[in-house]
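Trainee: Here is a sequence together with a model predicted from it:
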Amino acid sequence: MKRMILAIICAVAMALPAAAQEFKANGDNIVGEYLTDRGGSKSKVRVTKNADGTYDAQVFWVENPYGEDGKKRKDVKNPDKALRNVDVDQIVIVKGLKFDPEEKKYGGAKIYDPTKGLRVNASAEFETPDKLKLRGTILGMGVTLYWTRIK
């Protein structure tokens, strides 16, 4: 009986890395909704697939969408003046992310930081099926963010 249980545990343990690799091999697994927490400021982001096979990420909820004046906060630091009236809970923060099936990673896009008004190079990969690691870099320096899948 003990040998059977041990055999089952070993089989499951060996199958987990293979299942994780299989999950990472499918670029569409990024599609979904995620919770983010940057410096205590929480928001929710929805990742969608475009017709060209790339992926976009748009904020759809922020923990505190209103300013001290009681009005909805806007994307006032956006370098594109035409986007400065976008509500903070509607900002597109990643546009055109591409999946590399050989590397099992995403890249080729920019990630937008609305707190600083900066767009920087973006890459992403799954650490687990529910934890997406995003890296934003500019001039070799960068910040790593983690998004947790909620849907």
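Mentor: Sure thing, it's come through.
Trainee: elements contacting the lengthiest strand in the chain?
Mentor: The strand that spans the most residues within the chain, counting by DSSP state E, is strand 118-128. Counting contacts by 3 or more Cβ pairs under 8 Å, 6 or more residues apart in numbering; DSSP states H and E, strand 118-128 packs against helix 2-24, strand 92-100, strand 105-113, strand 131-138. All C-beta spots, glycine's among them, are computed from the backbone N, C-alpha and C.
Trainee: Next secondary structure element downstream of the first one?
Mentor: Sequence order places strand 32-38 as the next helix or strand after helix 2-24, per DSSP states H and E.
Trainee: partner strands of that following strand, parallel or antiparallel?
Mentor: Sheet pairing of strand 32-38 (DSSP bridges) gives strand 41-49 (antiparallel), strand 141-149 (antiparallel).
Trainee: which other residues reach it?
Mentor: Here strand 32-38 makes contact (Cβ atoms under 8 Å, 6 or more residues apart in numbering) with 42-47, 60, 115, 132, 145-151.
Trainee: Show me which of those are buried.
Mentor: For the contacts of strand 32-38, a neighbour count by 16 or more other Cβ atoms under 10 Å gives the buried set as 43-47, 132, 145, 147, 149.
Trainee: Can you verify my assumption that residue 125 contacts residue 100?
Mentor: No - Residue 125 is not in contact with residue 100 according to Cβ atoms under 8 Å; the separation is 9.7 Å.
Trainee: tell me, what's touching these two both at once?
Mentor: In terms of Cβ under 8 Å, 6+ apart, residue 125 and residue 100 are both contacted by the residues residue 106.
Trainee: More neighbours: which of these two?
Mentor: residue 125 (16 against 13; other Cβ atoms under 10 Å).
Trainee: For residue 115, see how far away the more buried one is.
Mentor: 23 Å (Cβ to Cβ, to the nearest Å).
Trainee: can you check residue 72 too?
Mentor: Note on residue 72: its distance to residue 115, by Cβ to Cβ, is 16 Å.
Trainee: For stretch 60-69, list every residue counted as buried.
Mentor: Across stretch 60-69, burial judged by 16+ other Cβ under 10 Å covers residue 62.
Trainee: oh sorry, the question was meant for stretch 104-120
Mentor: Quick answer for stretch 104-120 (16+ other Cβ under 10 Å): 104-106, 109-114, 119-120.
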